[in-house]
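**Q** Predicted structure and sequence below. I'll ask about it afterward.
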Amino acid sequence: MSERLRVKKTYKLYVGGKFPRSESGRSYPVTSPDGAELANAALASRKDARDAVAAARKAQRPWAGQTAYLRGQILYRAAEMLEGRAGQFAEELADATGAEPHAALGTVEQAIDRLVHYAGWTDKYASVLGGANPVAGPYFNHTKPEPLGVVAVLAPQDDPFLGLVEALAPAIAAGNTVVVLSSEAKPLPALSFGEVLATSDLPGGVVNLLSGNVAEVAPHLAAHADVNGIDLGGVEDAALAAELEAAAAGTLKVVRRPGKVGDSLALLRQWTEYKTVWHPAGMAAAAGGGY
Amino acid sequence: MGSIVSGAEAAALVRALPGVDAVGLEARAAGLATRSVKKASKAQAIDLAISMIDLTTLEGADTPGKVRSLAAKAVRPDGDAPSTAAVCVYPAMVAVAAEALEGSGVKVASVATGFPAGQVPLDLRLADTEAAVRAGADEIDMVISRGAFLAGDLERVFHEIKAVKAAAGEARLKVILETGELVTYDDVRRASWLAMHAGADFIKTSTGKVGVNATLPVTLLMMQAVRDFRALTGRQVGVKPAGGIRTTKDAIKYLVCVNETLGDDWLSNEWFRFGASSLLNDLLMQRQKLTTGHYSGPDYVTVD
Amino acid sequence: MFEYAPAPESVRPEIKEHYGLFVDGEFVDGEAVFKSVNPATEEVLFTVAEAGAADVAKAVAAARRAQEAVWGPMSGAERGKYLFRIARLLQERSREFAVAESLDNGKPIKETRDFDVPTAAQHFFYHAGWADKLAYAGLGADPRPLGVIGQVIPWNFPILMLAWKIAPALACGNTVVLKPAETTPLTALMFAELCQEADLPPGVVNILPGAGATGAALVDADVDKVAFTGSTAVGRAIAKSIAGSKKKVTLELGGKAANIVFDDAAIDQAVEGIVNGIFFNQGHVCCAGSRLLVQESVADEVLSRLKERVATLRVGDPLDKNTDIGAINSAEQLERITALTETGRGEGADVWQPACDLPENGFWFRPTVFTGVQQSMRIAREEIFGPVLSVLTFRTPDEAIAKANNTPYGLSAGVWTEKGSKILWAAERLRAGVVWANTFNQFDAASPFGGLKESGYGREGGRQGLEAYLDV
C-alpha cells in the first residue's frame, strides 16, 4: 500500500479580504532553516503593493468609523480564532524558524495574548491619550487621538509571527489599516494568519499581507503618497532603512525606525494623530458681557 | 415689509432668525472696544456723545424743580458744548419738561406703558401713552411685556407694540426690550426684530431699573439687527443703549461700534441715543480737559 | 464722518545698533553681518551677526555642556522656577517686546500687545509648571530629556514661536540652540538679554541669527532633536536629511485650511471668524482659513456681509493702535503673494479688494477676496501666506468635507453651524490637527497644536506636546 500523497498548501497574498496570487505571476520557494522546501509563496510586486494600499485606504474610514467597542470585539474574535488553530500555527512556526515545537507554541500563545491585550485597548486609549484642555478663554477645548490612516509595516524578519502581530495589532487597534510586508524568508505563518483574519469579522482591507522581497517592494511603499506611516522594524539593512526613511520624507510620513522599542501605549501613540477641537462656551447675554 | 406683516408672520419670522454665538459676539465687541480715539477725533466724539444723550431722571422723588434743573442742563450743558438730544422723564413730569424746553430744540421723551415693569392692563398702558403725548412728549419710551415674550406669546408682544405705536401718534416710539430680563442674545435678537416689524422707531436696551442694563455686546447685536432690518425693508430704525453708561470711555466704545457697524447713516442723534444721566458730567469734564490741557474735577461741572 | 486720529504707541524699546550671536550666555561675533529692516518703512533697524557652521558647532557644544553638567541634572522644580522667572520678566517687559515685534515684523501693535507677547509668556508659565510633574504626563514614570535641541523658527510669530519651542524643551530638561528667521531676529535677541537678566545658566539657551544655511548647519550639527516650524518644502528637506540618524524631529509646516460655513451658521459671528481666519497677522499664518467653503444657499449673503466688514479693516502703520492689517514681512514675501494672486486672476477667479490707501514706503498688500474659485485653481491649493481669501461654494455637508479634505495639508479647519450634532459630525471627518468650531485662530499653551499629512508631525502645547521633548 503506497503512502498517501499529502495535499500541499498554496500560500497566497491577502489583499482587500481576498487571497490573490501576485499580479506578476511570480512566486518564490520558502524553505526551513535547514533547507527543507516548505512551500512556494507569492512574490509580491510593486503593483501588488499598490493594490494593497488602495484596499487599505478604502477600508480605513469605515474601520475607524466603527465603534471602539466593536473594534475591540473583532480583535478579540481574531484571538479566539487563533487560539483554535494554535497547534497549526505552532507547527508552521517551528517549520519556519526551526524552533522547538513547545517553544513555537509558547510564541503563538504570546501572540494570542497580545491580540487580547490590544482588543482591550481600543476603547481606552483615547481617554488615556486625549482629554479636555483648560484653555484661558471661554472655550470648550478637547483633544483626542485619531488614526494616522494607512500604515505600511515591514515586519520583523526573524520573529515572523509574534513580531508581525506585535507590529500590526496596535496599528489596527487605533483604527488604522495596514499593508504588511511579512518576513521575506519566513512568510508562511503570516500568510496563514491572513486566513484567520479573513474568518474573524475583521473587514477586508484592514489588514493586507504581502510576501516578497523587502528591497524590491518597500521603496514603493515608502514613497507611496497615499501611505501615512511606515514601520521600518523589519528592515535589517541600515542603508536601506535610511533610504526608505528619506523616501518617506517626500510626503512626510510618520516613520518608526528599526530598533525602536516601547510599551503598548507608545505603539498606539506611534500610529496616532491628535485632533483638537475648539468650541465657544457661553450663552448668557446681558448678564455675561463684561463690557 | 416692516409695517405689513401680521402678528403671526412676525412671530414666525423672528423664530426663524439665525442664532447668535455669544462668545463670538462678545469677542467682536471687545475688539471694537480696543479702538484708541484720541485728540481731534476724541473731541468730535465727546460732542457727538453729548448731543446723543437722553438726559434722564426717573425717580419717585422727581419734582418740577428737579426736572427744570435737568432741562436747563440739557439745553446748555457747559459753555459751548452742544445740547443733549432730549430730556427723559415720567409722564407726570412731561408738562413741566415741555414748558422748560420749549423752543430749545431739545426733545421731551417720556417713558410710558407702566414703566418699568409694564405689568398693568393694556388699556392703562395706552392711556399712559396718550396722556404723555397730550402733555407734550415728542418721544415715547415704552416697555415690552417681557413676561409675554418669555412665555412665548410673541404675537401678543407684537400687537401691544403696534397698539402703543398707534397711541403715540406722531411721537417717535422707542421700544425698550429690557435685555437684562430677556437674558439670552438669541432672545435679544428676536425681540429686536419683533419690535421693528411692529413699527418701532428706536429699539432700546433697558429701563435702567434692573440688575443688568446696556452692555456693549447687546447693543452691538441690536445694531446688527437694525442694519439688517434696513437692508431687508428699507426702513431705518434707531438704537438706544440705556443704563450703566457713565464714562466718556464707555460712550466712545459705543460710538466706535456705531461707526464700524452702521456707519455715517446712524451717527447722529436722529438715530442713536444714550439713555444716561451721570454720563453727561463725565463727558463735560473730559471736554474741559481737552480745552484746558489739565484734568477737571466734579466741582467744575454742575450738579443737577 | 467719524475718523480716528493717528494713535501711535508711545513706548519705544531700546534697540541696539548691533547684536551678536548669543552663545554660552554671552553675545559674540559671528561669521558675517546682515541687516534687519522695518518692513513698514524699509528702514534698517539694526545689524546682526550671522552664524556660520563653526558658530553652530560652538553653540551646540555649549548647549551640550550645559545640558550634561547643569540643566539635565537640575531638579525639575528648580528648572521650573527659572521658567516662571522668564515668564514674569516677559510679562514685565511685554510692551517693549510688543513694540519691537511690530517694528521688526510689521504686524500690528494690537496683535503683538494683545496676543503674541501675552501668549508667549503663557507658554513659559504653562511649561514651567510641567518641569517637576513630567512623570504625570502619561509618558512613563521617568521620562528623560533628549539632550540638545536644534530649533528653527519662522518670521510670522517670532517671539511666540520661540516660546512654543523653548519653553517645553527647557521644561523637559533639554538645552536649545535656536535660529530665528533672518527677517525677524530682534525679539529673539531681546529674549537672550532676558535670559541673562534671569540668570539662566550659560549655554541653556543659545540664539543664532542667520538664514537658510545657518538652519541647515544646525540640523546637521550634533543635536538630538530638530524642531522646525516653516514651509513644507524645508520640512521635507529636514526629514530627508535626518533619515537614518538617531535624531528625532517635529515639524510644523504649511496649511491650506478650509473654513466651512453652513447655511444655519450664526452669520455675523461667522463673518468675524472668516475675517479673523484670513486677515489675522496679514494672513501670515500657517493655519489661516485661506479657503472659505460656504454653502451655496447663503453664499451671496455671507459674501456681501464679508465685503462690508473687510471694507472697515484699517491697513497701515503697525504701531498705530487702530491698525488691523500691518505690513507684509518682506519684499520677497510680497512678491510671492502678488505672483500667486496674479495666477488667481489668470485662472479666471474674480478678485475683490476694498478701496484703501496704502503707505508709500514699505511692503503692503490690500485684503483680497477671490470669488468663483474652483478647487483646481492654484489659489485654492497652494499656501499664499498673505491676506488673500479664496471663496468656494458647496451644496451638501458631504461635499463640504470632501472639498475641505482635498489637500495634501492637514493643519486646521473651521466649521460654522448652530447645530451641535453637525459640528461633531464635521469635526470627526475633517482631516486636520485642529478644528475650530464657531471660532477660528484660537491658541493656548494648554492646547496641543499641529497638523497631519504634509502639515508635519508632532504637537506643540498641552500634555501631548511634551512627547516631542522627552525620550519616550
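**A** Structure received.
**Q** residues contacting the residue of chain C found nearest chain A?
**A** Proximity to chain A, evaluated over chain C using CB to the nearest CB, is greatest for C:Gly244 at 2.6 Å. In short, each C-beta sits where N, CA and C put it, glycine included. By CB atoms under 8 Å, 6 or more residues apart in numbering or on different chains, the residues touching C:Gly244 are A:Ala238, A:Ala239, A:Ala241, A:Ala242, A:Glu243, A:Glu245, A:Ala246.
**Q** before we move on, what about C:Pro359?
**A** C:Ala40, C:Gly316, C:Asp317.
**Q** before we move on, what about A:Pro156?
**A** Residues counted as contacts of A:Pro156 (CB under 8 Å, 6+ apart) are A:Gly163, A:Leu164, A:Ala167, A:Ser183, A:Gly233, A:Gly234.
**Q** which SSE is it in?
**A** Using DSSP states H and E, A:Pro156 sits in no helix or strand.
**Q** Of the contacts of C:Gly244, which are in range of chain C?
**A** Under the cut-off given by CB under 8 Å from any CB of the partner chain, chain C has A:Ala238, A:Ala239, A:Ala241, A:Ala242, A:Glu243, A:Glu245, A:Ala246 from the contacts of C:Gly244 close to it.
**Q** Can you give me the neighbour number for the residue in the stretch 1-150 of chain B positioned nearest to chain A?
**A** Of all residues in the stretch 1-150 of chain B, B:Val23 sits closest to chain A, at 3.2 Å by CB to the nearest CB. A total of 21 residues lie near B:Val23 under the criterion other CB atoms under 10 Å in any protein chain shown.
**Q** cool, and A:Gly282?
**A** When neighbours are counted by other CB under 10 Å, A:Gly282 comes out with 19.
**Q** residue contacts, it?
**A** So A:Gly282 contacts A:Pro138, A:Gly288, B:Asp21, B:Ala22, B:Val23, B:Glu26 (CB under 8 Å, 6+ apart).
**Q** Can you give me the pLDDT of whichever residue of the stretch 101-250 of chain A sits closest to chain B?
**A** Distances between the stretch 101-250 of chain A and chain B by CB to the nearest CB are smallest at A:Pro138, namely 4.9 Å. On pLDDT, A:Pro138 comes in at 95.
**Q** B:Leu220 and C:Thr183: what is the separation?
**A** According to CB to CB, to the nearest Å, B:Leu220 and C:Thr183 sit 38 Å apart.
**Q** A:Ser183 now?
**A** Counting by CB to CB, the gap from A:Ser183 to C:Thr183 is 52 Å.
**Q** For those two, indicate the residue with more neighbours.
**A** Set side by side, A:Ser183 and C:Thr183 show more neighbours around A:Ser183, with 26 against 22, by other CB under 10 Å.
**Q** For the residue nearest to C:Glu296 when sequence neighbours are not counted, give the beta-bridge partners.
**A** Distances taken as CB to CB, 6 or more residues apart in numbering or on different chains place C:Thr393 nearest to C:Glu296, at 4.4 Å, with adjacent residues excluded. Counting by DSSP bridges, C:Thr393 is bridged to C:Val294.
**Q** Check the burial of C:Thr393 by counting its neighbours.
**A** 21.
**Q** again, but for the one 5 residues further on
**A** Per other CB under 10 Å, the neighbour tally for C:Asp398 reads 10.
**Q** Next, the buried residues of the helix or strand containing it.
**A** C:Asp398 belongs to helix C:397-405 when assigned by DSSP H and E. Of the residues in helix C:397-405, C:Pro397, C:Ala400, C:Ile401, C:Lys403, C:Ala404, C:Asn405 count as buried by neighbour count, 16 or more other CB atoms under 10 Å in any protein chain shown.
**Q** now swap in stretch B:275-282 and tell me
**A** Those would be B:Gly275, B:Ala276, B:Ser277, B:Leu279, B:Leu280, B:Asn281, B:Asp282, for stretch B:275-282 by 16+ other CB under 10 Å.
**Q** got it, and stretch B:24-31?
**A** Buried residues in stretch B:24-31, counted by 16+ other CB under 10 Å: B:Gly24, B:Leu25, B:Glu26, B:Ala27, B:Arg28, B:Ala29, B:Ala30.
**Q** Could you restrict the residues you listed to the ones contacting chain C?
**A** Within the buried residues of stretch B:24-31, those near chain C by CB under 8 Å from any CB are B:Gly24, B:Leu25, B:Ala27, B:Arg28.
**Q** out of the ones next to chain C among the contacts of C:Gly244, who's nearest chain C?
**A** Using CB to the nearest CB, the ones next to chain C among the contacts of C:Gly244 come closest to chain C at A:Ala242, 2.6 Å.
**Q** Would you verify that C:Ala413 is located in a strand?
**A** Yes - counting by DSSP: H, G, I helix; E, B strand; the rest coil, C:Ala413 falls inside a strand.
**Q** Pretty sure C:Leu430 is one of the things it touches, is it not?
**A** Yes - assessed by CB atoms under 8 Å, C:Ala413 is found in contact with C:Leu430 at 4.3 Å.
**Q** Mutual contacts of those two, please.
**A** Counting by CB under 8 Å, 6+ apart, the residues touching both C:Ala413 and C:Leu430 are C:Ala258, C:Ala404.
**Q** Next, see if the helix holding C:Asp398 gets close to chain A.
**A** No - taking CB under 8 Å from any CB as the criterion, helix C:397-405 and chain A are apart, separated by no less than 10.6 Å.
**Q** Which strands or helices does that helix pack on?
**A** strand C:258-261, strand C:291-295, strand C:388-394, helix C:420-429 (3 or more CB pairs under 8 Å, 6 or more residues apart in numbering or on different chains; DSSP states H and E).
**Q** Just want the most central residue of the chain.
**A** Using chain A here. A:Leu168 (2.5 Å; CA atoms, centre = their mean).
**Q** that's the other chain; I wanted chain C
**A** Central residue of chain C (CA atoms, centre = their mean): C:Phe157, at 4.3 Å.
**Q** Not counting its neighbours along the chain, what's nearest it?
**A** Looking at C:Phe157 with CB to CB, 6+ apart, the closest residue is C:Asp116, at 6.0 Å.
**Q** how about the residue nearest to A:Val217 when sequence neighbours are not counted, what does it touch?
**A** Spatially, and ignoring its direct neighbours in sequence, A:Val217 is nearest to A:Ala49 (5.1 Å; CB to CB, 6+ apart). For A:Ala49, the contact set (CB under 8 Å, 6+ apart) comprises A:Val179, A:Leu181, A:Leu210, A:Val217, A:His220, A:Leu221, A:His224.
**Q** Repeat that for C:Leu466.
**A** Counting by CB under 8 Å, 6+ apart, C:Leu466 makes contact with C:Trp130, C:Leu134, C:Ala137, C:Leu139, C:Pro143, C:Pro168, C:Ala171, C:Cys172.
**Q** How about the contacts made by residue 51?
**A** As the question left the chain open, I've gone with chain A. A:Val15, A:Gly16, A:Pro20, A:Glu23.
**Q** was after chain B, sorry
**A** B:Pro82, B:Ser83, B:Thr84, B:Ala85, B:Ser268, B:Asn269.
**Q** And for C:Gly20?
**A** By CB under 8 Å, 6+ apart, the contact set of C:Gly20 is C:Phe27, C:Val28, C:Asp29, C:Gly30, C:Val48, C:Ala49.
**Q** Leaving aside the residues adjacent along the chain, what's closest to it?
**A** Nearest to C:Gly20 is C:Phe27, by CB to CB, 6+ apart, at 3.7 Å.
**Q** which SS state does that neighbour fall under?
**A** Quick answer, by three-state DSSP: C:Phe27 is strand.
**Q** Can you tell me who it pairs with across the strands?
**A** Beta-bridge pairing for C:Phe27 (DSSP bridges): C:Phe22.
**Q** Can you pull out the low-pLDDT segments for chain A?
**A** A:1, A:283-291 (pLDDT under 70).
**Q** change it to 90
**A** A:1-3, A:6-10, A:259-262, A:282-291 (pLDDT under 90).
**Q** Give me the phi and psi for B:Arg134.
**A** Reported as degrees, to the nearest 10, the phi and psi values for B:Arg134 are phi -60, psi -30.
**Q** same question, A:Arg71
**A** Backbone torsions of A:Arg71, given as degrees, to the nearest 10, read phi -60, psi -40.
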